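> Got a predicted structure plus its sequence, pasted below:
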Amino acid sequence: MDWQVVFYVDEDGNEAVKDFILRQPKGAIAEIIDVLKLLREFDIRLSSPYVRKIDRSGIRELRIRHSSDSYRIFFFAFVGRKFVLLHAITKKGDRIPEGDKAVAIRRMYDHMSRHADERD
């Protein structure tokens, strides 16, 4: 069974990462889609320069460059061979803002609690 890449959906049905991607220029969207395809193809084996662990929470960042812009999509691996895309940013500096990490972690725990039946 192949890995799937899915968007985190909040309780109101919003898909923040999908919305973020669709707001980007067309060339950036194409680059993001290409890197998402690599994630599906190489699954948890995909590593640098495309994927980097954030911390011990289990969240990783998908690293995308387009032109002079750097994009980061935070995700985690969930049961059933799913990568759940949690949060996305245009990276401005060297460090990832703690607030963005917190958003990703909060969404990961929310997803896990609302989809606990999938883990059984």
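Here it is on my side, so go on. Numbers count the residues shown, from 1 in each chain.

> could you pull out the helices for this protein?
Listed in chain order, the helices of the chain (DSSP state H) span 16-22, 26-42, 98-114.

> Ok, which of these comes nearest S57?
Nearest to S57 among the helices of the chain is helix 98-114 (5.4 Å), distances taken as C-beta to C-beta. C-beta: built from backbone N, CA, C; applies to glycine.

> now the helices of the chain in TSV, with distance to F75, mean neighbour count and mean pLDDT?
Output for the helices of the chain, formatted as TSV (distance: least, C-beta to C-beta, whole Å; neighbours: other C-beta atoms under 10 Å; pLDDT from 0 to 100):
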stretch	distance to F75	mean neighbour count	mean pLDDT
helix 16-22	9	16	97
helix 26-42	8	14	94
helix 98-114	8	16	94
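
> now those in a markdown table, with distance to Y50?
As requested, the helices of the chain are arranged in a markdown table below (distance: least, C-beta to C-beta, whole Å):
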| stretch | distance to Y50 |
| --- | --- |
| helix 16-22 | 16 |
| helix 26-42 | 6 |
| helix 98-114 | 17 |
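
> Quick one: closest of those to V79.
helix 98-114 (9.3 Å).

> Only alpha carbons, please: show the closest one as PDB.
In PDB, the C-alpha atoms belonging to helix 98-114 read as follows (Å, rounded to 0.1, in the frame of the first residue of the first chain):
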ATOM      1  CA  GLU A  98       8.200  28.900  17.900                       C
ATOM      2  CA  GLY A  99       4.600  29.900  17.300                       C
ATOM      3  CA  ASP A 100       4.600  28.000  14.000                       C
ATOM      4  CA  LYS A 101       5.900  24.900  15.700                       C
ATOM      5  CA  ALA A 102       3.300  25.200  18.300                       C
ATOM      6  CA  VAL A 103       0.500  25.400  15.700                       C
ATOM      7  CA  ALA A 104       1.800  22.300  14.000                       C
ATOM      8  CA  ILE A 105       2.100  20.400  17.300                       C
ATOM      9  CA  ARG A 106      -1.400  21.500  18.400                       C
ATOM     10  CA  ARG A 107      -2.900  20.300  15.000                       C
ATOM     11  CA  MET A 108      -1.000  17.000  15.200                       C
ATOM     12  CA  TYR A 109      -2.500  16.200  18.700                       C
ATOM     13  CA  ASP A 110      -6.000  17.400  17.500                       C
ATOM     14  CA  HIS A 111      -5.800  15.100  14.400                       C
ATOM     15  CA  MET A 112      -4.600  12.200  16.500                       C
ATOM     16  CA  SER A 113      -7.400  12.700  19.100                       C
ATOM     17  CA  ARG A 114     -10.200  13.000  16.400                       C
END
